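A.B. asks: would you be able to build a 3D model of this:
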Amino acid sequence: MCRYLILAIALGWGISTSQTVCANGPPETVVGAEQVLSELMAIPGKQIPQRLLADAQGIVIVPNVIKIGFVAGARRGHGVVMVRDLDGEWSLPQFVTLTGGSVGWQAGVQATDVVLVFTTRKGVEGLMRGKFTVGVDGSATAGPIGREAALGTDATLQSEVFSYSRSRGLFLGVSLDGSALEIDHESHLFFYGTPSGALPRQVPGPASELRHFLAELTPRSSPDAPALTTNEPVVAVASPRVIEGLRRSLVRSSDQLQAILSPEWRPYLSLPNELQEPGVYPRSDSMAPVLQHFAHVNSAPEYRRLVQRQEFQTTYELLREYEQAIMAARPTLELPPPPVLPRRN
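C.D. replies: Numbering: from 1, shown residues only. Prediction:
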């Protein structure tokens, strides 16, 4: 009897936690979706292939999906869907909820970001009519990552939905069969001031920014472009806007890590001061010691308890991604002063 009581309390706590985390309003959901996109495209070779996004008919972005797992599992999230019209232009974000269940999840609560890429108009139009169940209303496949796109099979390429989740700063293909997506009419009315399907009286700034940002990330591919299964490397250029989103995530993750560290550890795993300023790229000589500190801790058995914490792993991964992004984006090389030329007589 006592065991059942404990389980009921734990389940109630988990559901309460889920509702609290998912309670962000529509403006925060739109901002969070843009944050996910900026981090998604930050590093070449680790993100959703650009060719796949360029040919997408719709995209669903659900930040901070909560997974609750005890005897049976459940998940819930609040996000947005954006659809391409016949001219290739993206719609304003519409609000969706994601719910689903699964047996066999580990006990505990875990938050992750979910991205679904729709490759056919049939699938995304079904969602816009009210509801879409992954794996029932359309086939779903764990999506390829970066250069893995070159290994896609015919079966994979015929999928109507490619599904991804992100943990520890990386996007990974994931199976979400059974998850239900539904249009959130209440959030749409709250955010735009008009019912779903009607033109808003005024477009809120975050919605316009997200739409423009997605358009920047997903230029339509040429009809003559090679297929997704070619061996051509998938390369993305991290724009200043993408790097800024990555910087914000790194700072936020570092703050979470600092909160669990003792005072003597905080300076050792602190970020360069320049990272606190938007648009300022830290120099290599200030990034290198921080990366060395994280690498040393990550490889030392005596610090295993710290290494196993998600706060550490997320910060370390984002730190490496950010360093790669700013190195690729620097317009000039960082070099020591040139040698002094000998005087000519």
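A.B. asks: walking through this structure, point out its strands one by one.
C.D. replies: Assigned by DSSP state E, the strands in the chain fall at 58-69, 72-83, 94-103, 108-118, 131-133, 140-142, 161-167, 170-173, 180-183.
A.B. asks: kindly reformat these as JSON lines containing distance to residue 209 and mean neighbour count.
C.D. replies: Where C-beta positions appear, they are placed from N, C-alpha and C, glycine not excepted. What follows is those, written out as JSON lines (distance: least, C-beta to C-beta, whole Å; neighbours: other C-beta atoms under 10 Å):
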{"stretch": "strand 58-69", "distance to residue 209": "14", "mean neighbour count": "24"}
{"stretch": "strand 72-83", "distance to residue 209": "12", "mean neighbour count": "22"}
{"stretch": "strand 94-103", "distance to residue 209": "16", "mean neighbour count": "19"}
{"stretch": "strand 108-118", "distance to residue 209": "18", "mean neighbour count": "21"}
{"stretch": "strand 131-133", "distance to residue 209": "26", "mean neighbour count": "20"}
{"stretch": "strand 140-142", "distance to residue 209": "29", "mean neighbour count": "20"}
{"stretch": "strand 161-167", "distance to residue 209": "21", "mean neighbour count": "22"}
{"stretch": "strand 170-173", "distance to residue 209": "21", "mean neighbour count": "18"}
{"stretch": "strand 180-183", "distance to residue 209": "22", "mean neighbour count": "20"}
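A.B. asks: now these as TSV including distance to residue 263?
C.D. replies: What follows is the strands of the chain, written out as TSV (distance: least, C-beta to C-beta, whole Å):
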stretch	distance to residue 263
strand 58-69	30
strand 72-83	36
strand 94-103	40
strand 108-118	28
strand 131-133	50
strand 140-142	43
strand 161-167	29
strand 170-173	31
strand 180-183	46
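A.B. asks: rank the ones you listed by pLDDT, which is bottom?
C.D. replies: Set side by side, the strands of the chain give their lowest mean pLDDT on strand 170-173, at a mean of 59.
A.B. asks: and residue 317, how many neighbours?
C.D. replies: Using other C-beta atoms under 10 Å, residue 317 is surrounded by 19 other residues.
A.B. asks: how near is it to residue 178?
C.D. replies: The spacing between residue 317 and residue 178, counted by C-beta to C-beta, to the nearest Å, is 29 Å.
A.B. asks: which one of the strands of the chain lies closest to residue 339?
C.D. replies: strand 170-173 (42.3 Å; C-beta to C-beta).
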